[in-house]
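**Q** Following is a predicted model, sequence given first.
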Amino acid sequence: MAKDNTQIVIRPAGEADIEGILAIVNAYAAENLMLPRTAEQVRRALPGFLVAEDGQVVGCGSLVPLTPALVELRSLAVAPEWRGTGLGRLLAQALVERARQAGYQQICALTLVEGFFTRLGFATVDRWALSPKIWHECIYCPKFDACDEIAVVMNLAGEPAADPPAGPDAALWRRLRVGPAATW
Ligand SMILES: CC(C)(COP(=O)(O)OP(=O)(O)OC[C@H]1O[C@@H](n2cnc3c(N)ncnc32)[C@H](O)[C@@H]1OP(=O)(O)O)[C@@H](O)C(=O)NCCC(=O)NCCS
């Protein structure tokens, strides 16, 4: 059954959201679906984080600048009860929009859910074609010797902004408060 997202707001994250972000991300990390994060890692990346909340954090995702032209979409996740409701897509689209407004030419991700990203307009690429900067955290990764992540990229430069969603997601999209790109 469709979940009612009328109380959901997508907004930039603050210090008070760190615990909620960690709860979602590290629960999936325990299932090997994502990489684990510490409070310190999230705190450092906080200016690039958006959260979806309905009083408590139910989704998150972040932008991590890799080069002046390339930004990585990282730590995208929605709470289990919200999976499959379109919230992940809205969060990803909000992050893509934020990256576009900040002037990045490309946005990339390393992911196990290739199909989710290709539906959004990302293209699968040879992971070695990406900037080496994307690998700077790999030495800390538990899967360093057996990486199974797929690289996806979307061009932003010169591309028109995506159409706003229709139907029940339209109202949530209008309530997006992704904040000025210059703040991160
Ligand atoms: C991946 C995740 C963020 C997607 O969010 P979601 O709210 O469940 O997905 P949505 O309902 O927005 O789905 C959007 C579209 O992607 C598709 N999709 C969702 N999960 C998918 C998956 N695992 N593989 C392929 N396609 C997927 C949906 O079918 C939907 O397709 P449609 O537009 O044709 O209807 C969420 O399921 C999640 O938190 N997963 C666990 C953590 C994780 O794997 N994060 C990704 C790290 S890169």
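**A** Perfect, thanks for sending it.

**Q** Please count neighbours and contacts with C-alpha atoms only from this point.
**A** Will do.

**Q** got a list of what residue 77 touches?
**A** Residues counted as contacts of residue 77 (C-alpha atoms under 8 Å, 6 or more residues apart in numbering) are 24-25, 59-61, 88.

**Q** Quick check: it is in a strand.
**A** Yes: checked against DSSP: H, G, I helix; E, B strand; the rest coil, residue 77 lies within a strand.

**Q** circling back: strands - which of the contacts of residue 77 land there?
**A** Secondary structure from DSSP state E places 59-61 of those in strands.

**Q** out of those, which is most surrounded?
**A** Among the ones in strands among the contacts of residue 77, the one with the most neighbours (other C-alpha atoms under 10 Å) is residue 60, at 31 neighbours.

**Q** Compute the distance between that one and the ligand, please.
**A** 9 Å (C-alpha to the nearest ligand atom, to the nearest Å).

**Q** got a list of contacts for stretch 51-61?
**A** 7-13, 17, 20-21, 24, 49-50, 73-79, 82, 87-88, 91-92, 95.

**Q** Buried residues, it. List them.
**A** Neighbour-count burial for stretch 51-61, with 16 or more other C-alpha atoms under 10 Å as criterion, is recorded at 51-53, 57-61.

**Q** nearest to the ligand, of the residues you listed?
**A** residue 59 (7.5 Å; C-alpha to the nearest ligand atom).

**Q** If you tally nearby residues, what's the number for the closest residue in space to the closest one that isn't next to it in sequence?
**A** Distance criterion C-alpha to C-alpha, 6 or more residues apart in numbering; nearest residue to residue 59, sequence neighbours excluded, is residue 78 at 4.0 Å. Close neighbours of residue 78, defined as other C-alpha under 10 Å, add up to 26.

**Q** what's downstream of the helix or strand containing residue 41, the next helix or strand?
**A** In this assignment (DSSP states H and E), residue 41 forms part of helix 39-45. Using DSSP H and E, the next helix or strand after helix 39-45 towards the C-terminus is strand 49-53.

**Q** Indicate each strand paired with that next one and its parallel or antiparallel sense.
**A** Under the criterion DSSP bridges, strand 49-53 sits next to strand 9-12 (antiparallel), strand 57-65 (antiparallel) in its sheet.

**Q** got those as JSON lines, with mean pLDDT columns?
**A** Putting those into JSON lines (pLDDT from 0 to 100) gives the following:
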{"stretch": "strand 9-12", "mean pLDDT": "93"}
{"stretch": "strand 57-65", "mean pLDDT": "96"}
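
**Q** Identify whichever of those lies nearest to residue 33.
**A** Of all the strands paired with strand 49-53, strand 57-65 sits nearest to residue 33, with 14.5 Å by C-alpha to C-alpha.
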